[in-house]
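# Pasted the sequence and its predicted model underneath.
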There are 2 protein chains.
Amino acid sequence: MGLKSFVEVSPESHFPLENLPFGVFRPKTAAAAGGSCPPPLAARPGVAIGDLVLDLSAVASAGLFDGPVLKNNHQCFLQPSLNMFVEMGRPAWKEARSTIQKLLSADEPRLRDNASLREKSLIPMGEVQMLLPTIIGDYTDFFCSMHHAKNCGTIFRGPENPISPNWFHLPIAYHGRASSIIVSGTDIIRPRGQGHPSGKSPPYFGPSQKLDFELEMAAIVGPGNELGKPVDVNKAADHIFGLVLMNDWSARDIQAWEYVPLGPFLGKSFGTTISPWIVTLEALEPFACDAPKQEPQPLPYLDENNHRNYDIPLEVWVKPAGHEHPSIITRSNFNHLYWTLTQQLAHHTVNGCNLRAGDLLGTGTISGPDPESYGCLLELTWNAQKPLTINGSDRKFLEDGDEVIITACCKVQCYKLQFLAIVCFNSLFFPSK
Amino acid sequence: MGLKSFVEVSPESHFPLENLPFGVFRPKTAAAAGGSCPPPLAARPGVAIGDLVLDLSAVASAGLFDGPVLKNNHQCFLQPSLNMFVEMGRPAWKEARSTIQKLLSADEPRLRDNASLREKSLIPMGEVQMLLPTIIGDYTDFFCSMHHAKNCGTIFRGPENPISPNWFHLPIAYHGRASSIIVSGTDIIRPRGQGHPSGKSPPYFGPSQKLDFELEMAAIVGPGNELGKPVDVNKAADHIFGLVLMNDWSARDIQAWEYVPLGPFLGKSFGTTISPWIVTLEALEPFACDAPKQEPQPLPYLDENNHRNYDIPLEVWVKPAGHEHPSIITRSNFNHLYWTLTQQLAHHTVNGCNLRAGDLLGTGTISGPDPESYGCLLELTWNAQKPLTINGSDRKFLEDGDEVIITACCKVQCYKLQFLAIVCFNSLFFPSK
Ligand SMILES: [Ca+2]
Ligand SMILES: [Ca+2]
Ligand SMILES: [Mg+2]
Ligand SMILES: [Mg+2]
Ligand code: NI
């Protein structure tokens, strides 16, 4: 049986007491805001519990973060982003989690029996607007699923040597665009751009005709490192606060034409969606599992003592424009990643590159070995050669008005309690003007 | 004859009254800071004049920005970065420049005859520390010199079709790392990383053995654009505040091994140096010149009414470790760029990607047509096949302790007045630990 809160948490909720993901929200009305420190409609940190958001600025203002680390540092919860908090590192994260878990538990009276504080600090999810959880200084996207690398290589370069020889020696990555990262629910506008010319004709120009999603997760960086000072792979976990879901929207026609020799640019930078709630590594700990054995053996700077992934089932659903219900189109799992989060982070810094608190490190598209587990339409439709049928509609790539929903839900069936989840996307493609 | 200031400006100065570049500085001592608004040692905006820095926070606090745009908006000069000012756009830039030019002119008494304000606001360059001029949300690096593209293609892929077919249709670019952008004078630590394996052996790992500079300039973005709203190429100039010099330090061995298929990553992200002073497009206006004719004709969204470059002579000097004097190793010019700044910016946003005030857009390595005008050692030594001799020392790539100095100096020989310049770099390679 799971932990019990005085807040009602339905068995289907993604947000039981064992999860407690962190996000940033803005009350939709002054009445919802209660009487906490920031101005009534200002952005502030919160934690999800059942169908409610716990306003951490209200909890902090009431003096309830009384552990040794946070007692004199609760201003980290009076900020419009989580950057200050995630920068404080694991001791602060552990203390915050255990304080919040205690405050919300069924047998702890301090919040449960204080009607005015409950009123101030617990807000129905419908009355808040979720925002980006951190200010993202830099966003990096890795390429860590072998199945995805192999499929893309086969589609674009043929079945002989689809994976380039460097891939098994280092976690390949590119710098992404930080400005266009948006929170789940924000509409996406179909990008215009150049597509590959056919024969001697000039390149195509117009709205992208090959719009795709990419099923990814991403790490939110906690404490950064100084320029010139790499992070040891065995200490890399201390630099990761938690995970979000990510959809790296991709315009395949733009990408295919532009990416030689410097990599993806406008085919990606029109928008990248992340989920609003950061699930902490601590909450994910029960779902840790062995990562795939690596052959050849990684170089020493990537050879970690604790080579682990997480067992996080991932699904993508598409609700075609005009339809009422979404249908599932792929089932994958975070544990398909060949290079772990800690290897990604250690590699990123081995040249001295400095990470900063709040940075985003995408895993790359997470495809599994089977065609039903591929993480993007490029793979699922084999570059439009095998259209999918979704609710009776054919899809090669996304059409205007399609909704893409990505879910991640870790489950343990103890006493029928489903106890960890990461929320979903819901983004629209609008016609371009 | 040039404009005359009451501040002494030697004929060799890079900072006459016609330049007035903007930067951000910190007084080294409280005494140097005078009595302006920010705390004595805080960062604040300034403008260079002769051997002095004009503290714009002091000028603003004295109420001297009295034009219609800035009168009620002088808080943009009480910030630790120029972001708020550059976001205000051309009307504010023009008014600030003309106000400052007037205040510093020989026949204007308001500052000239106010000893206490002069004392507060004019600080010798030796008493300030220059900082990054803006908070750079995103950094993009283009690839706009045809000579550079051709040389790199020939070196890496051979003389047949060295330039990929997309190059003449769009300004190729990649996202760079914003966190490791540093101001001129900051030491660079030699990065470690993986280099290409030879034959069947595992990849090399260790300090980079092919450290290079890249001679570039970069635009500082003024007002940004909303996500989903491209900038018209004929209005793109209004989004560019000015230019800095840039050195895109590159580890060629790391880059060569990692860059397929997603582009440069750790081969670049260990550090990128920019000059502290932003020379405005307005100051550069007298040096505008026609840009190269483009064939094939660009697509309409890149086909601009005013297709212009600037005539900015560029030089790279190297002072080998242990030597006292630098020697010049290349002479290039900004006007070699095939794609203009405005085409770069319009292309960057055509997919709806949002730029933000303070963003940095590098031009890519600026190589000219002749071997004496190549913009990096990769080209100058033809990938170490033809070492350079600098002060009697052989150089294939950079060695620890080498100093690289990049200069840009626009000259008009009117009445022997040399009247515009952009300052130089001076960065050291330190041994890695
Ligand atoms: Ca991706
Ligand atoms: Ca470059
Ligand atoms: Mg993206
Ligand atoms: Mg660089
Ligand atoms: Ni004031």
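In hand now; what should we look at? Ligands and ions are numbered 1, 2, ... in the order given.

# touching ligand 3 at all, stretch A:120-139?
No - Stretch A:120-139 is not in contact with ligand 3 by CB under 5 Å from the ion; minimum separation 8.1 Å. Every C-beta, even on glycine, is put in place using the N, C-alpha and C of the backbone.

# Start and end of that stretch, how far apart?
End-to-end distance for stretch A:120-139: 35 Å, by CA to CA, to the nearest Å.

# Off-centre distance for it?
How far stretch A:120-139 lies from its chain's middle: 14 Å, per CA atoms, centre = their mean, to the nearest Å.

# tell me the mean pLDDT over that stretch?
Averaged across stretch A:120-139, the pLDDT comes to 96.

# for stretch A:83-96, same thing?
Taken as a whole, stretch A:83-96 has an average pLDDT of 98.

# what is whichever residue of chain A sits closest to ligand 3 paired to in the beta sheet?
Closest to ligand 3 within chain A is A:T272: 3.2 Å, counting by CB to the ion. Counting by DSSP bridges, A:T272 forms beta bridges with A:I181.

# mind listing what it touches?
A:139, A:176-177, A:180-182, A:246-249, A:362 (CB atoms under 8 Å, 6 or more residues apart in numbering or on different chains).

# if I look at it, how far off is A:V244?
Going from A:T272 to A:V244 by CB to CB, to the nearest Å gives 11 Å.

# How about A:S198?
Counting by CB to CB - A:S198 and A:V244 are separated by 39 Å.

# Among those two, which residue is more densely surrounded?
A:V244 (28 against 8; other CB atoms under 10 Å in any protein chain shown).

# among the contacts of A:T272, which are in helices?
Using DSSP state H, no member of the contacts of A:T272 falls within helices.

# Scan those residues and report the most crowded one.
Within those, most neighbours by other CB under 10 Å means A:M246, with 30 neighbours.

# Just the local confidence number for it, please.
With respect to pLDDT, A:M246 has a value of 93.

# So it is in contact with A:I220, correct?
No - using CB atoms under 8 Å, A:M246 is not in contact with A:I220; the gap is 10.6 Å.

# Spit out the residues that contact the two alike.
Residues touching both A:M246 and A:I220 (CB under 8 Å, 6+ apart): A:L360.

# measure A:C410 to A:I312 for me?
From A:C410 across to A:I312, the span is 5 Å (CB to CB).

# where do the contact lists of those two overlap?
In contact with both A:C410 and A:I312: A:284, A:287, using CB under 8 Å, 6+ apart.

# If you count contacts, what does the helix or strand hosting A:I254 end up packed against?
Assessed by DSSP states H and E, A:I254 sits inside helix A:252-258. With contacts defined as 3 or more CB pairs under 8 Å, 6 or more residues apart in numbering or on different chains; DSSP states H and E, helix A:252-258 has these neighbours: strand A:192-195.

# what packs against the strand it packs on?
On a contact count with 3+ CB pairs under 8 Å, 6+ apart, strand A:192-195 meets strand A:204-207, helix A:252-258.

# Report the distance from the longest one to the chain centre.
Think helix A:252-258. So, by CA atoms, centre = their mean, the centroid of helix A:252-258 is 24 Å from its chain's centroid.

# okay, that helix in CSV with CA atoms only?
Taking Å, rounded to 0.1, in the frame of the first residue of the first chain, the C-alpha atoms of helix A:252-258 are listed here in CSV:
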residue,chain,number,x,y,z
ARG,A,252,11.8,16.4,-41.9
ASP,A,253,11.9,18.1,-45.3
ILE,A,254,13.6,21.2,-43.9
GLN,A,255,16.0,19.1,-41.8
ALA,A,256,16.9,16.8,-44.8
TRP,A,257,18.0,19.8,-47.0
GLU,A,258,19.8,21.9,-44.4
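
# Rounded mean pLDDT for it, please.
The pLDDT scores in helix A:252-258 average 95.

# try the first one
Rounded to a whole number, the mean pLDDT of strand A:204-207 is 93.

# residues touching the residue of the stretch 1-150 of chain A found nearest ligand 4, list them.
In the stretch 1-150 of chain A, the residue found nearest to ligand 4 is A:D138; the distance is 12.6 Å by CB to the ion. By CB under 8 Å, 6+ apart, the contact list for A:D138 reads A:175, A:178, A:355-356, A:359-360, B:177-179.

# how about a cut-off of 10 Å?
A:175-178, A:221, A:348, A:353-356, A:358-361, B:137-139, B:175-180, B:269 (CB atoms under 10 Å, 6 or more residues apart in numbering or on different chains).

# same question, A:G126
Taking CB under 10 Å, 6+ apart, one finds A:28, A:32, A:51-52 in contact with A:G126.

# of all those, which two lie farthest apart?
Pairwise distances across the contacts of A:G126 (CB to CB) peak at 15.1 Å, for the pair A:K28 and A:D51.

# Of the contacts of A:T272, which belong to strands?
Here DSSP state E is the test, and those give A:139, A:181-182, A:246-247, A:362 as lying in strands.

# can you give me the helices in the stretch 201-350 of chain A?
Under the criterion DSSP state H, counting those that start in this stretch, the stretch 201-350 of chain A contains helices at A:252-258, A:281-284, A:341-349.

# and the residue in the stretch 301-433 of chain A that ligand 4 sits nearest to, what helix or strand is that in?
Proximity to ligand 4, evaluated over the stretch 301-433 of chain A using CB to the ion, is greatest for A:C353 at 9.9 Å. Take DSSP H and E as the rule and A:C353 turns out to sit in neither a helix nor a strand.

# Let me know the pLDDT of it.
Note on A:C353: pLDDT of 98.

# residues in contact with it?
A:138, A:140, A:225, A:227-231, A:347, B:177, B:179-180, B:191, B:265-266, B:268-271.

# mind checking how far the closest residue to it other than its chain neighbours is from B:Y174?
Leaving aside its sequence neighbours, A:C353 sits nearest to B:S269 (CB to CB, 6 or more residues apart in numbering or on different chains; 4.3 Å). Using CB to CB, we find B:S269 at a distance of 11 Å from B:Y174.

# More neighbours: which of the two?
Using other CB under 10 Å as the criterion, B:S269 and B:Y174 rank with B:S269 on top: 28 against 25.

# wait, that one sits on A:H347?
No - using CB atoms under 10 Å, B:S269 makes no contact with A:H347, being 11.3 Å away.

# shared neighbours, the two?
A:173, A:353.

# and the nearest residue to A:N333 once chain neighbours are set aside, how many neighbours?
Of all residues not flanking A:N333 in the chain, A:P313 sits nearest, at 5.4 Å (CB to CB, 6+ apart). When neighbours are counted by other CB under 10 Å, A:P313 registers 16.

# can you check A:L299 too?
Residues near A:L299, counting by other CB under 10 Å: 16.

# Now for it: which residues touch it?
Per CB under 10 Å, 6+ apart, neighbours of A:L299: A:169-170, A:347, A:350, B:194, B:202-205.

# possible to save these as JSON lines with neighbour count?
As requested, the contacts of A:L299 are exported to JSON lines (neighbours: other CB atoms under 10 Å in any protein chain shown):
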{"residue": "A:H169", "neighbour count": "19"}
{"residue": "A:L170", "neighbour count": "25"}
{"residue": "A:H347", "neighbour count": "29"}
{"residue": "A:V350", "neighbour count": "24"}
{"residue": "B:Q194", "neighbour count": "25"}
{"residue": "B:P202", "neighbour count": "11"}
{"residue": "B:P203", "neighbour count": "19"}
{"residue": "B:Y204", "neighbour count": "17"}
{"residue": "B:F205", "neighbour count": "16"}
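
# Quick one: those residues as a markdown table, columns for distance to ligand 1 too.
Output for the contacts of A:L299, formatted as a markdown table (distance: CB to the ion, whole Å):
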| residue | distance to ligand 1 |
| --- | --- |
| A:H169 | 20 |
| A:L170 | 17 |
| A:H347 | 16 |
| A:V350 | 21 |
| B:Q194 | 22 |
| B:P202 | 27 |
| B:P203 | 24 |
| B:Y204 | 28 |
| B:F205 | 26 |
